[in-house]
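J.: model the following, please.
(chains A and B)
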Amino acid sequence: MRKSHPVRRVVLATAATVSGVVLLLSLKPSSDPASAAAGGAVSPPPVAQESAQGGAQVAGTGTVTGDVAQTQYGAVQVRLTVAGGKITKAEAVQAPKGGTSDQKTALSVPKLNQEAVAAQSADIDAVSGATYTSDGYKKSLQSALDKVKAASSQGQGASQGAGAGNAQAAKTVTGAVAQTQYGPVQVRITVAGGKITKAEAVQAPKGGTSDQKTALSVPKLNQEAVAAGSADIDTVSGATYTSDGYKKSLQSALDQAGG
Amino acid sequence: MTTTLAGGRAARRQTMRRIRPRRSPATILLIAVWAGAAGVLWLWWANTPSISDNNGKILNAGRITGLLAGYLMALVVLQMARVPALERRVGSDRVARWHAMSGRYTLCLVLAHVFLIMWGYALQAGKGLGDIVQQTIDSINQLPDMGKAAIGTGLLFLIGLMSIGGVRRRIPYDTWYHVHLLTYAAVFLTFWHQLTTGNDFAVEPVAKTVWYGLYGSVTALVIWYRILTPIRLNLRHRMRVEAVIEETPGIVSVLIGGRKLHRMGAEAGQFFRWRFLAPGMRFSSHPYSLSAAPRPDMLRITVKAIGDHSERLRELRPGTKVWAEGPYGALTASRRSRGKVLLVAGGVGITPMRALFETLPGAAGDITLLYRANSTQDLALWDELATIADERGARLMYAVNSPDGARPDISAERLQQKLPDIDKHDVFMCGPAGFAQSVYEALRGAGVPARRIHHESFEM
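T.: Presented below is the predicted three-dimensional model:
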């Protein structure tokens, strides 16, 4: 029942929509203008978008999107699906549109996709009658392949241990469960640059007096483990069984991290 | 009647126990709509790695507007699917206003989408803004499903044109209504190009599935609530006209009989969309409020003869079959949050108020009805109202023009004078827009909070 102002509403809606669209468009990165000047040469891979996921993706299945290659008739951009180091799928995310370009795109892109998967490289034949599209496709494909290579060489440095997310990042290793008289003990360590940076007990004895003993001993054991960098640590007095279990699990974690 | 307790605190407590105001789900629904819009924008964001130049900016602006238009189109149809949560909890009037508002906005988005995309394509093909018409023709000829989309878009603009205030008033309601039904065809025709040429759907199977899900569920709701539910209702209740009674000059009541009418779950204050299967009337359906609490064997509507359709109502013969859809409307007792209630009726707006006056639970002195009409002769249903007021100890007041034609004084001061505790009341109101607006302002001036003024208006 509030008084409505139709004109104000129209102005508000228009202003909000236009500024929203303009904002969205301006937030998107534009591809490097230098590359366009150099005749559509492929620009170096953008840092922010792919590299963060790159290491993890290439080891398993992942998609890599090549750079946009500008052609006379519009942009071409290729996306690859890579599994086990091989291209399993190639597709064009962007291709020339409008006018006769649609027909040409419809003709050439499926062929180019097939060729890319068959050749496993950017060394593919141009589709006759769609030279510009083919050229753009090859350029974008090459940039995608470069990214795959860069990511996998990065990935080689990384340990392949369970839970390893990224080459440069620290990794966590969880030791085997050590059974003690009062309950299981299990240690998880974080290793970076060959050193233990953090140790923690995922499991420790619980219930009755065990709670107290665990509260007393585990923080000390964690500190000792980081300080010593090995499983050769002192037993906490009054918590012998827990300490023994801790050391066993810690040793198993170190074995895993080392191997 | 409903209570044998005398007025007073005990009685009020008794009434309050039955008052549990139901919150309208409007806020939750609006949040869901915004979240969906954000999801659609995210889809664009995730599928657009970079925008290289101005041409790309134009094309992507076209994609954003297209995606939003496609999303809103589904919601615009959903708003008219007669979903009970919308019709009975949010209120048919409010949903109809949403529909009109979002419909206009969607049409603007469609226009922007067509223009931007065709401009972008023209630039890509090395042509300028001047070749946009040729580019549009080329794209319709060459791209998949674009022919359908073009026809659908044309229909949408025809429908939009006919819904502009000035145009709509000049064409008969039935014509407007039946053209408006073409929206379904238009939405169907424009749907396919979204999937086949839409950048974000052609490559993303998940997005495609979500889009099918959105349009599929809206279709299912429309079929269920606009087609199957009314068929079931009318097969079960078999309504017929029992009698037509002239209440005052120009106002008639239609009594409608049927089977197990109480099972329809209609409440006082609600309305049905009525279609009388008599010559010349069977193709139009009109909303009329129940003017009495529904009885197991009888419903009653009271209508002022202002249009073609309502004029013909007085010629209805007993036995005429009736096709009804409903009940709709949220102006019911469940809106109430206080023990005391003021009902305000303007002219034929008395119909839902009359039903509420009879059925709202309350002790003596809790319910007051203020009835505004041009003259005492125009006070339709007055005898009934007096009887109800007598039986349940409710207050009944009327305000009519003085013999010299001056309007009665319904101001904040006057209302406070008549009802000193008016700020403790819930107010239900029904009447013409101008009347409702002035009463609303008077009520606010008298200290009634906006959330306790319940009003239904079908003015757009």
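J.: distance of the residue of the stretch 101-250 of chain B found nearest chain A relative to residue A:24?
T.: Closest approach between the stretch 101-250 of chain B and chain A, counting by Cβ to the nearest Cβ: residue B:121, at 3.0 Å. Where C-beta positions appear, they are placed from N, C-alpha and C, glycine not excepted. Residue B:121 sits 20 Å away from residue A:24 when distances are taken as Cβ to Cβ, to the nearest Å.
J.: and these two? which has more neighbours close in?
T.: Set side by side, residue B:121 and residue A:24 give different neighbour counts by other Cβ atoms under 10 Å in any protein chain shown, the larger being at residue B:121 (28 against 17).
J.: in which helix or strand would I find the more buried one?
T.: For residue B:121, the enclosing helix or strand under DSSP states H and E is helix B:92-124.
J.: buried stuff in that helix?
T.: Judged by neighbour count using 16 or more other Cβ atoms under 10 Å in any protein chain shown, the buried positions of helix B:92-124 are B:92-99, B:101-124.
J.: thought residue B:247 was touching residue B:302?
T.: Yes. Shown here, residue B:247 and residue B:302 form a contact pair, counting by Cβ atoms under 8 Å, at 6.3 Å.
J.: what's the overlap in contacts for the two?
T.: Between them, residue B:247 and residue B:302 share the neighbouring residues B:253, B:380-381, with contact defined by Cβ atoms under 8 Å, 6 or more residues apart in numbering or on different chains.
J.: what's the per-residue pLDDT of the residue in the stretch 151-259 of chain A positioned nearest to chain B here?
T.: Per Cβ to the nearest Cβ, residue A:151 is where the stretch 151-259 of chain A lies closest to chain B, at 16.3 Å. According to the model's per-residue confidence, residue A:151 sits at a pLDDT of 73.
J.: ok so it is a helix residue?
T.: Yes. Residue A:151 sits within a helix when classified using DSSP: H, G, I helix; E, B strand; the rest coil.
J.: what number of residues lie near it?
T.: For residue A:151, the number of neighbouring residues by other Cβ under 10 Å comes to 23.
J.: distance of it from residue A:64?
T.: When Cβ to Cβ is the yardstick, residue A:151 and residue A:64 sit 7 Å from each other.
J.: residue A:238 reaches residue A:216, doesn't it?
T.: Yes. Counting by Cβ under 8 Å, residue A:216 is a contact partner of residue A:238 at 7.1 Å.
J.: buried ones in the top strand by length along chain B?
T.: Longest among the strand segments of chain B by residue count, using DSSP state E, is strand B:239-248. When neighbours are counted by 16+ other Cβ under 10 Å, the buried residues of strand B:239-248 are found to be B:239-242, B:244, B:247-248.
J.: also stretch B:43-60?
T.: With burial defined by 16+ other Cβ under 10 Å, the residues of stretch B:43-60 counted as buried are B:43-44, B:47-52, B:55-60.
J.: near chain A, list only the ones from these.
T.: Applying Cβ under 8 Å from any Cβ of the partner chain to the buried residues of stretch B:43-60, one finds that B:44, B:47-52, B:55-57, B:60 fall near chain A.
J.: which SSE is immediately downstream of the worst-scoring helix or strand of chain B on mean pLDDT?
T.: Every helix and strand of chain B was ranked by mean pLDDT, DSSP states H and E. The lowest is helix B:9-17, at a mean of 51. Along the chain past helix B:9-17, the next helix or strand (assigned with DSSP H and E) turns out to be helix B:26-47.
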